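[1] fold the stuff below for me.
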Amino acid sequence: MRDTIEIQTLTDDEIFAATGATNENAVGRIAAPNRFEATSSEFYFWIKRGKTLEENQIVFSESNVNGEEITFYAVIDEIKRNSRRADMTEEYDLADGDVGYEPPFANEGFSYAHAQVLRVKPELATPPIERSIVSLGSEEEAKIAYGFDDDDDGKRRWMPVGLLKNGANNFAGNGLIDLDYLLGENGGHLNVNGMAGVGTKTTFLLTIIKSLQKQAEISVRTNKPFFIVPIILNVKSEDLMWLDKKNSRFDAEKHEADWNALGIEAQPFTDAKFYTVKDLPVHGCHSEEFSWSFQDVLKEESLLYIFSEDDDLKVNMVSLIRDLIDRWLDNQGNIRTDAPKNWRDLLAWIGNDSNRQGSFYGAGTWRAIYSRLWKILDEGKKIFPKDATNGNPLKIARNKNSPPQVVDISQLSYSLQRFVVGSILKQAVEARKSVDAVRNLRYVIMLDELNRFAPRGAKDELTQLLEQVATEMRSQGVILLGAQQMASQVSSKVVEMASIRALGRTGSAELTDKIWSVLEKSTKEKAAKLTITEKLVWQPTFRQPMLVKMPLNPWADKRDNVKAKDFGDKDI
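    Numbering: from 1, shown residues only. The predicted structure is shown next:
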């Protein structure tokens with residue numbers, strides 16, 4: 001009689017531990033067969049049986065490379081399942097096409113993941129070794145992976161921009177950016193791209209301003225204080241004119257915890273100041289009106305910003321406008337007594353043939369300037385009242401922390417919007433170049449639809465001003481928070497000079513443009529599927545973008561989200 005053989009069944013955890021994997025957070029081992037080789041920037045690993053992993057989870061692997069212990073921190077960007085069968089025919093034949101059939105043997109498949117390396121400690125450009133244990137990371141590993149643990153002897157300043165996703169519904173602390181890359185010390189500016197409606201670019205930029213306000217408040221207690229003057233351009237509808245009101249969709253019990261995690265008070269911009277075009281107020285919004293007389297524009301030397309690239313200005317036309325400005329301003333920038341008093345006088349002066357005698361410019365140039373100016377003044381009666389000798393121009397300069405200044409230009413034509421943007425940018429540039437400029441003060445200018453104001457390939461005055469801000473002014477304290485649906489349609493200087501970049505959901509056609517060539521294929525695929533609350537954010541020190549969740553905004557983002565009682569005694 002044969003002896004009975006006892007078969008002992010081991011659990012999955014016991015099988016995995018038997019291979020030497022004692023780390024309770026171990027989830028797999030690195031493999032490097034043909035076509036799945038490990039490099040210094042990526043590796044594959046098979047996943048422990050019975051373990052479920054997700055894309056966007058942080059993992060790390062301690063690998064012994066030729067006797068040196070090296071830790072690789074990475075993020076999973078793809079997970080696949082392999083059934084071991086050669087093709088779909090075998091899968092079909094196993095059940096003979098019967099979906100109700102259950103084979104007598106257990107599934108022989110396994111799952112494996114692809115991970116992008118975020119950081120290596122110590123820093124060596126070498127791949128991990130096969131069979132190295134891979135473990136699931138937490139907030140501590142996420143900090144190391146993205147470099148949040150680097151404080152450079154207390155000099156680093158990290159600012160939260162959202163909750164760092166660690167899988168679909170879990171988080172590994174906050175997603176942070178280095179303020180030195182935003183505020184001008186190591187770089188400057190922030191640019192966000194995304195489709196209309198689902199890209200939520202405006203909400204993201206307003207969250208950045210909220211976080212900046214908090215950091216500026218904290219900074220006064222450090223040895224590196226700074227001050228911010230936020231200027232928000234409302235270019236579409238009236239959505240940004242309710243930022244001081246509570247969002248009726250915001251439920252404190254559900255949504256406040258996200259803001260608490262970021263260390264930011266979940267409140268609207270209660271102290272925001274609003275500015276609207278003269279005689280074109282946003283009904284229900286408490287605002288101050290603005291307009292420009294001709295002498296206001298002359299004093300600012302901003303006349304050229306009225307004309308866009310679409311006006312097809314020739315070199316001699318631009319030169320004529322500059323000559324007129326020089327004619328009526330003295331060396332100290334004061335207006336001469338013979339200058340036209342208002343817009344009507346300016347048109348009459350340009351149209352008077354006697355003023356052209358001895359002029360270098362031909363009659364055609366004078367007529368072209370006159371006709372363009374007449375058209376602009378006709379469509380801009382509210383912002384450029386023809387007979388006014390004194391206007392009420394926007395004055396955005398401040399000398400300390402300032403509440404947001406929200407300027408509504410949504411009711412203006414394209415050309416007039418460009419003028420207001422140019423005037424504001426020019427004031428900020430001149431304020432920071434002044435000998436009286438306040439040290440460590442930054443003008444933070446939020447501008448959507450950059451393709452309107454600095455289109456790719458354009459050479460007009462406003463595009464050149466935006467390019468100057470992008471390339472030269474970050475170190476002097478003018479910071480652009482820019483946004484657009486398609487970066488491929490914006491001046492490459494304006495987009496590329498942004499040290500902090502972000503992607504909301506973006507169309508696949510846009511992502512094929514060369515401006516996105518730096519991104520991995522998997523990152524582009526992810527960007528095309530982002531949800532309305534998600535953003536991919538990166539800065540020069542990140543090997544890969546971080547995926548963050550934005551909290552629901554506590555401020556109203558449109559009139560319909562304002563409770564009637566919050567309008568006060570205004571008739572809405």
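[2] need the longest strand for the protein.
    Scanning the chain for the longest strand, with DSSP state E as the assignment, gives strand 68-82.
[3] phi first, then psi, for the closest residue to residue 481 other than its chain neighbours.
    In this structure, residue 481 finds its nearest non-sequential neighbour in residue 446, 4.4 Å apart by CB to CB, 6 or more residues apart in numbering. (Glycine included, C-beta is placed from N, CA and C.) With angles defined as degrees, to the nearest 10, residue 446 sits at phi -100, psi 120.
[4] okay, buried residues for stretch 177-185 please.
    Neighbour-count burial for stretch 177-185 flags 177, 178, 179, 180, 181, 182, 183, 184 (criterion: 16 or more other CB atoms under 10 Å).
[5] hmm, the fifth one is touching residue 539, no?
    Going back to what we said before, that points to residue 181. Yes: counting by CB atoms under 8 Å, residue 181 does reach residue 539; the two are 4.8 Å apart.
[6] what do those two both touch?
    Jointly contacting residue 181 and residue 539 under the rule CB atoms under 8 Å, 6 or more residues apart in numbering are 187, 499, 500.
[7] where is pLDDT lowest across these?
    Lowest pLDDT among the shared contacts of residue 181 and residue 539: residue 187, with 94.
[8] count the neighbours of it for me.
    19 (other CB atoms under 10 Å).
[9] okay, the nearest residue to it once chain neighbours are set aside and residue 539: tell me how far apart.
    Nearest non-adjacent residue to residue 187, counting by CB to CB, 6+ apart: residue 499, 2.9 Å away. To residue 539, residue 499 is 6 Å away according to CB to CB, to the nearest Å.
[10] next, show the common contact partners of the two.
    The contact lists of residue 499 and residue 539 share 181, 187, where a contact means CB under 8 Å, 6+ apart.
[11] thinking again about what came up before, of the buried residues of stretch 177-185, which is the nearest to residue 369?
    Comparing these against residue 369 with CB to CB places residue 184 closest, at 37.9 Å.
[12] got a list of what the residue nearest to that closest one when sequence neighbours are not counted touches?
    Counting by CB to CB, 6+ apart, residue 474 is the residue found nearest to residue 184 once chain neighbours are left out, at 4.1 Å. If you count contacts by CB under 8 Å, 6+ apart, residue 474 has them with 183, 184, 187, 188, 189, 497.
[13] dump these to JSON lines, plus secondary structure.
    What follows is these, written out as JSON lines (DSSP: H, G, I helix; E, B strand; the rest coil):
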{"residue": "183", "secondary structure": "strand"}
{"residue": "184", "secondary structure": "coil"}
{"residue": "187", "secondary structure": "coil"}
{"residue": "188", "secondary structure": "strand"}
{"residue": "189", "secondary structure": "coil"}
{"residue": "497", "secondary structure": "coil"}
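[14] what comes up buried for the helix or strand where residue 371 lies?
    Using DSSP states H and E, the element containing residue 371 is helix 363-379. Using 16+ other CB under 10 Å as the test for burial, helix 363-379 gives 365, 366, 368, 369, 372, 373, 376, 377.
[15] list the contacts for residue 219?
    Counted by CB under 8 Å, 6+ apart, residue 219 has contacts 157, 225, 226.
[16] quick one: low-confidence parts of the protein?
    By pLDDT under 70, the low-scoring segments of the chain are 1-23, 106-107, 153-154, 308-312, 568-572.
[17] mind splitting it into its structural domains?
    By the assignment in automatic domain parsing, the chain contains the domains 12-146, 181-239+271-290+392-531, 294-379.
[18] ok, back up a step: just the buried members of the contacts of residue 219?
    Neighbour counting with 16+ other CB under 10 Å marks 157, 226 as buried within those.
[19] residue 54 belongs to a strand?
    No: according to three-state DSSP, the state of residue 54 is coil, so it is not within a strand.
[20] for it, give me its contacts.
    Counting by CB under 8 Å, 6+ apart, residue 54 touches 76, 79, 167, 168.
[21] can you list the residues you listed in a markdown table and add distance to residue 198?
    Output for the contacts of residue 54, formatted as a markdown table (distance: CB to CB, whole Å):
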| residue | distance to residue 198 |
| --- | --- |
| 76 | 24 |
| 79 | 25 |
| 167 | 22 |
| 168 | 18 |
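[22] PyMOL command to pick out the buried ones of the residues you listed?
    Restricted to buried positions by 16+ other CB under 10 Å, the PyMOL selection for the contacts of residue 54 reads:
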select buried, resi 76+79+167
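[23] before we move on, which element is residue 119 in?
    Assigned by DSSP H and E, residue 119 belongs to strand 110-121.
[24] other SSEs contacting that strand?
    strand 26-31, strand 42-47, strand 58-65, strand 68-82, helix 139-146 (3 or more CB pairs under 8 Å, 6 or more residues apart in numbering; DSSP states H and E).
[25] between the ones you listed, which gets nearest to residue 235?
    helix 139-146 (32.7 Å).
[26] which stretches of the stretch 451-572 of the chain form strands?
    478-484, 500-503, 534-538, 546-549 (DSSP state E, counting those that start in this stretch).
[27] who wins for proximity to residue 459 among these?
    strand 478-484 (18.9 Å).
[28] got a list of contacts for that closest one?
    For strand 478-484, with CB under 8 Å, 6+ apart as the criterion, the contacting residues are 182-184, 188-194, 201-202, 205, 208-209, 425, 428-429, 432, 442-451, 466, 469-470, 490, 494-495, 498.
[29] buried members of these into ChimeraX, please.
    Buried residues among these (16+ other CB under 10 Å), as a ChimeraX selection:
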select :182,183,184,188,189,190,191,192,193,194,201,202,205,208,209,425,428,429,432,442,443,444,445,446,447,448,449,450,451,466,469,470,490,494,495,498
